[in-house]
Every structure is written in C-alpha cells, then in structure tokens.
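**Student:** Build me a model:
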Amino acid sequence: MEGFERKIIVPMPECDIKNRWKLSCIMRQMQEVGAQHLEALDMGFQKLWDEGFVFLLSKILLEIRRRPVGGERLRVVTQPRPPKGAQFLRDICFYDQNGEEIICAGTAWMLADPVSRTIRRPAEYPYVIPYAQEPYSDAAAKLKCRAPETLEPLGSREVRYSDLDTNGHVNNAVYGDIVCDHLPMEEIRRREIARFKIHYAREARSGDILELFGGALTADSRYQLGKRGEEKCFEAEVEYGPLGEEPASK
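**Tutor:** Okay, the predicted model is just below:
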C-alpha cells in the first residue's frame, strides 16, 4: 500500500462567510489523513511517541483550484514521497465527486525526539514507509517565503489552550486561522486564495505571545511573519486568484 485515501463530507461548521471550507480546516484534514495513513501502517502517533519519534510539520505548499462548500462530498488521497535530506515528504490531494482535483498540497515533515525535539535523520527511522515512486515534485522541501522590503505590525496574539495539540504546541492548522484573521476583510470577501505557503520555524506554546507583521508582495499576494520575541516562529505567503473569478459551487 503506497497511498491512502478516504471519503469525507465537508462539515458546515467548518465553512466561512462564503460557505467555503476554511483554510485552517483544509489543513486540519490534511493532518488527519496523514495520521490515519500512519495508523494503517502500524506507525501511529502513540506508538512512535513511546519509541522516541514524532513527526513535526515543517512546510506546506498548498494549491487551491476551488474551495469546496459545506456538505460537499470529497475523496482525499495522500502519498508519502522519498525523503529530501532530513525532510519527509507527503502529498495530499482532494477530489470532488466528478473526480476533479480541486486542492493539492505538498508537505515536508521533520522527524524529532518527542521530548528534546532533537531532529533525527530519516536513516534513524526504524520502519519502512512505502514511498510512491512515480514522478513527483519536491517543491515543498525547497519552499521559501518572500518578504517585502517593508513590514507593518499587524498586532499580537497570545497562545491559548484551544490552539494546542498533543505535541503541546500550536497546531499547524491554527496558523491558517491566524493568517486569515490578519488579512484585510475586504480581500477575504472579494478574493479567493489560490496558493498558500507556510514555513514553521519555531514552536509556539501556551502563554507565548506571537507578534505579527505583514506586507503586500504584489497586488495579488501578501506575506506574514510571526515572531516570538526575537525568534521567527512562522512565515507565510498568500496568493489570490484572478480578481472577480468566483469558484464554482458543488
């Protein structure tokens, strides 16, 4: 078994003011299907934790052709790819009922010790992951976000209980909400995110204060930076689709 797939229905409470699936919820489902695949391979979270391993998400490169609406039925497919250096790669794609690919992401993960957070090399991993060998992109491993020359402060955000996951840090999907919450509301109403990049540089934990900064890259793209003190916590890049192009309904 190289890949893994499951069928889902987009929950209505996970949709935004336009009845489109929120970015954070897309990211959460990406995490879930990857975790379910590892469970199916007998490499589940708790087992790996007990043996001194945890996968930490490092980068996401997300392409959105159309955000699905509430109640829409989707097929989610994930494929692990051969490592690139210290990074484990995994693709996750979403298909509508017509079999059309509407969302696809490349992700890069780091293997770490769950207590010390020391990075561990792929050669240290004791299990065989059935990597899909057909042609693929390693763009997620090479991902870099561009920063504009001038950044403006966007405010601060304290990390609270509801942000945290079983690793004790802000869950990767929560950053989707953080980024969208600090985009101009007029843009969120009028535009559709076509591409999203994020690089998780440092963990944020309960009580940490994230200082947020942002700026326009072009008329169609924005950059955000989150810092914890002087340390970079994350950086993200949002690219909108053509102005006025509204995605089709289900």
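**Student:** List the buried residues of stretch 229-248.
**Tutor:** Neighbour-count burial for stretch 229-248, counted by 16 or more other C-beta atoms under 10 Å, picks out 233-241, 247. (C-beta placed from N, C-alpha, C; glycine too.)
**Student:** quick check, nearest of those to Leu41?
**Tutor:** Phe234 (28.8 Å; C-beta to C-beta).
**Student:** Let's verify that closest one: helix, strand, or coil?
**Tutor:** With DSSP: H, G, I helix; E, B strand; the rest coil as the basis, the three-state label of Phe234 is strand.
**Student:** so how far is Gly215 from it?
**Tutor:** Per C-beta to C-beta, to the nearest Å, Phe234 is found 15 Å from Gly215.
**Student:** One more: Glu186?
**Tutor:** Per C-beta to C-beta, Glu186 is found 17 Å from Gly215.
**Student:** Which one's more surrounded, those two?
**Tutor:** Gly215 (15 against 8; other C-beta atoms under 10 Å).
**Student:** So that one: helix, strand or coil?
**Tutor:** With three-state DSSP as the basis, Gly215 sits in strand.
**Student:** Could you list everything it pairs with in the sheet?
**Tutor:** Partner residues in beta bridges with Gly215, using DSSP bridges, are Tyr223.
**Student:** From what I see, it and Leu154 are in contact.
**Tutor:** No: Gly215 lies out of contact with Leu154 (C-beta atoms under 8 Å); the separation is 9.4 Å.
**Student:** Counting by contacts, list what the longest helix seen in the chain packs against.
**Tutor:** The longest helix of the chain (DSSP state H) is helix 23-40. Contact partners of helix 23-40 among helices and strands, from 3 or more C-beta pairs under 8 Å, 6 or more residues apart in numbering; DSSP states H and E: strand 4-9, helix 45-50, strand 54-64, strand 73-84, strand 87-95, strand 101-112, helix 174-181.
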